[in-house]
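[1] sequence? don't have it. structure:
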Ligand code: OFO
């Protein structure tokens, strides 16, 4: 059994709520894309929403393994409207940066407390955030290259769909599927 300090329990509970918010944030974004007829982007965000839920569940399991009852959080309303796909991806990037920061703060707490189990557990999240930020940066770069001409939305959507398939393939490979 893993011993979690009261501060660590609180911090992991906070992280549960950030991951839950991220999952709903992406879900809302998926259906904004659906409303804009951006099917490729919708698929990208549905998958991302599922991933965030998985991140949240991993934290539940970690708490449970430690003999602590996780607190299921109230989830704040995420944005449901954007002025453009460019703005949407900018907000996604900011959202990911804030989660990265909270993971780093959590890791810092684990280091300060000499909590080696939690440090080890969190390394997976550190890697995951780095990969997610890299994917979002790639998409933002492609959006810039495509520009804002007449059919740009069509090409952006196709590009995001392609990147989504690459992410799915990379994840399957990691799992050895
Ligand atoms: Fe949970 O990975 Fe991003 O936010």
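    That came in fine, so what should we check first? Just so it is clear, the model here is predicted, and its values are computed rather than measured. Numbers count the residues shown, from 1 in each chain.
[2] and the gap between the residue nearest the centre of the chain and residue 152?
    The centroid of the chain falls nearest to residue 52 when counting by Cα atoms, centre = their mean (4.9 Å). Distance of residue 52 to residue 152, given as Cβ to Cβ, to the nearest Å: 28 Å. C-beta: built from backbone N, CA, C; applies to glycine.
[3] ok so, going back, helix or strand: which one has the residue nearest to the centre of the chain?
    Residue 52 is part of helix 39-65 when elements are defined by DSSP states H and E.
[4] Provide the secondary structure category for the residue of the chain most remote from its centre.
    Most distant residue from the mean C-alpha position of the chain: residue 150, 30.9 Å away (Cα atoms, centre = their mean). At residue 150 the chain is in coil, as set by DSSP: H, G, I helix; E, B strand; the rest coil.
[5] circling back: the next helix or strand after the helix holding residue 52 near the ligand at all?
    Scanning forward in sequence from helix 39-65 by DSSP H and E, the next helix or strand is helix 85-112. Yes. Applying Cβ under 6 Å from any ligand atom, one finds helix 85-112 touching the ligand at 96, 99.
[6] what's helix 85-112 packed up against?
    helix 6-35, helix 116-146 (3 or more Cβ pairs under 8 Å, 6 or more residues apart in numbering; DSSP states H and E).
[7] roughly how far out does that helix sit from the chain middle?
    9 Å (Cα atoms, centre = their mean, to the nearest Å).
[8] check stretch 13-28 too.
    In terms of Cα atoms, centre = their mean, the centre of stretch 13-28 is set 8 Å apart from its chain centre.
[9] ok so, going back, tell me which of the helices and strands packed on helix 85-112 is the most buried.
    When these are scored by mean count of other Cβ atoms under 10 Å, the highest mean neighbour count falls to helix 6-35 (a mean of 19).
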